[in-house]
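K.L.:
Just to be clear, the model below is a prediction. Sequence and coordinates:
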Amino acid sequence: MANYAIIRMEKFKISDVQGIQKHNQRQGKIKSNPDIDYERSHLNYDLLNREYLQYERRIKDEISERVKRKPRANSVVLSEFLVTASPEYMQSLTKDEQKRYFERSLDFIKERYGERNTLYAVVHQDEANPHMHVGVLPITEDGRLSAKDIYNRTELRQLQQDFPDELQRQGFEVERGKEGSKEKHLHPNEYKEKQDLEREIAFLEKNLEQKKNQLLAISGNVPEKNVSLKPKRKEIKTLVKPKLIGKPEIIEKETGNYVFSPKQLEKLENVVTAAVTIKRDYERLQSTDLVEENTKLHKELFQQRKENHKLTRENKELRSENMGLKRHISDLQREIGFLYQNTKEFLKERTESVRAFKNVFKDFIGDLRKKITGSEFERLYKRERAQECDRGMER
């Protein structure tokens, strides 16, 4: 069996980053992914970071510092590479060889898309097939955020050839998947969904087979010929003509009886037997759990639809409230900016006024000291103080 080197890339917007971080760093248990063995999560590691990384903060800081133009709200801010190999080949490698496989793959990505652009390289050992998630910022050399320019069709096609070639030079016995093949490597989530669907189909097929066996058993309990339906030629009396077996051969006017041929009687017997079997099968199925299960499913579906309508209405209300809060925050920000600017100008004018007053007062004191001697100055000062004391006593 061929050993394929697997690398694929997926683009994410800023709204997706938080979920990517939680998945990569196993922050909380993910109920939608039953293939994760959390008892082995301590075996996971990051080749670039010793501690947990805040993806969104780091991405925003890098973009703010390195990107010239402010990106749009729906811009692609993260390109994540999934790196692994065919499960049989990956399981045949030792832990050290697996780590070297991921290290060489990381070197390849850093050299191709920029070491500074590479944010993390998380290796997951707690799932069925070991794999690595490598996060890369799509920032060009001229300071643009453009995943479209970096990962064009030619680049992605060449990547599928260059990656296995590089790993072969590093001593790994891997090759590229068949070019032009209809088979494709599935993303882990897609692969898990495929497995879930296959398991569900197998369960339904098994359940269907059981129901068929039950139906056959029920049919087997009905005797093929409980009562002989072949009476004598003149003993079948009907109120209407049967439509399933054709017209009777003879109609006796005196008694009103229909006389049928043996072939018609045999056909009639088969029709009656089938009708009895169908009726009993229907009654037996009505008494099984299928009817109750179907009723239960309809009730659950009704509740889910009701809950969905409720959540939709709440979501609409929250969006409206959010828009109102945003407008209020915007108004507060403008008001704060206005108050800040006025306060700043007032403090500036007050500081300049105090500084000017100090200078004028300093000059006044200097001139005053030059005009009078020290003793005269002291005498005037004492006289002024005495007058102030007299005025205070009069009050």
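P.N.:
Received it, and whenever you're ready, just let me know what you need.
K.L.:
what ranges do the helices span in the stretch 51-200 of the chain?
P.N.:
In chain order, the stretch 51-200 of the chain shows helices spanning 55-66, 87-92, 95-113, 147-150, 153-169, 188-220, with DSSP state H, counting those that start in this stretch as the criterion.
K.L.:
CA atoms only: put the first one into PDB for me.
P.N.:
Output of helix 55-66 as PDB, limited to C-alpha atoms (Å, rounded to 0.1, in the frame of the first residue of the first chain):
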ATOM      1  CA  TYR A  55      -4.500  33.300  18.800                       C
ATOM      2  CA  GLU A  56      -6.800  36.300  18.300                       C
ATOM      3  CA  ARG A  57      -4.600  38.800  20.300                       C
ATOM      4  CA  ARG A  58      -1.400  37.600  18.600                       C
ATOM      5  CA  ILE A  59      -3.000  37.800  15.100                       C
ATOM      6  CA  LYS A  60      -4.400  41.300  15.700                       C
ATOM      7  CA  ASP A  61      -1.000  42.500  17.100                       C
ATOM      8  CA  GLU A  62       0.900  41.200  14.100                       C
ATOM      9  CA  ILE A  63      -1.600  42.700  11.600                       C
ATOM     10  CA  SER A  64      -1.600  46.000  13.400                       C
ATOM     11  CA  GLU A  65       2.200  46.200  13.300                       C
ATOM     12  CA  ARG A  66       3.000  44.800   9.900                       C
END
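K.L.:
Mind giving me the packing neighbours of it?
P.N.:
The elements that helix 55-66 packs onto, with contact taken as 3 or more CB pairs under 8 Å, 6 or more residues apart in numbering; DSSP states H and E, are helix 17-24, strand 76-85, strand 118-124. C-betas here are computed from N, CA, C, even on glycine.
K.L.:
tell me which residues of the first one are tucked away?
P.N.:
For helix 17-24, burial by neighbour count (16 or more other CB atoms under 10 Å) applies to Val17, Ile20, Gln21, His23, Asn24.
K.L.:
With distance to Leu48 and pLDDT as extra columns, can I get those residues in TSV?
P.N.:
Output for the buried residues of helix 17-24, formatted as TSV (distance: CB to CB, whole Å; pLDDT from 0 to 100):
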residue	distance to Leu48	pLDDT
Val17	16	94
Ile20	15	94
Gln21	14	94
His23	17	92
Asn24	12	93
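K.L.:
So Arg355, which state does it fall into?
P.N.:
Of the three states, Arg355 takes helix under DSSP: H, G, I helix; E, B strand; the rest coil.
K.L.:
burial of it, as a residue count?
P.N.:
10 (other CB atoms under 10 Å).
K.L.:
Could you measure from it over to Ile365?
P.N.:
Distance, Arg355 to Ile365, using CB to CB, to the nearest Å: 16 Å.
K.L.:
before we move on, back to that, pick the one among the buried residues of helix 17-24 closest to Met9.
P.N.:
For these, the closest approach to Met9 (CB to CB) belongs to Ile20, at 13.3 Å.
K.L.:
so where's the stretch 151-300 of the chain shaky on pLDDT?
P.N.:
177-205, 207-208, 210-260, 286-292 (pLDDT under 70).
K.L.:
re earlier: among the helices and strands packed on helix 55-66, which is nearest Leu347?
P.N.:
Closest to Leu347 of the helices and strands packed on helix 55-66 is strand 76-85 (CB to CB; 40.9 Å).
K.L.:
which strands and helices sit next to that closest one?
P.N.:
Applying 3+ CB pairs under 8 Å, 6+ apart, we find strand 76-85 packed against strand 5-13, helix 17-24, helix 55-66, helix 95-113, strand 131-136, helix 147-150.
K.L.:
Throw those into a markdown table and include distance to Lys279, thanks.
P.N.:
Output for these, formatted as a markdown table (distance: least, CB to CB, whole Å):
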| stretch | distance to Lys279 |
| --- | --- |
| strand 5-13 | 57 |
| helix 17-24 | 55 |
| helix 55-66 | 65 |
| helix 95-113 | 64 |
| strand 131-136 | 58 |
| helix 147-150 | 65 |
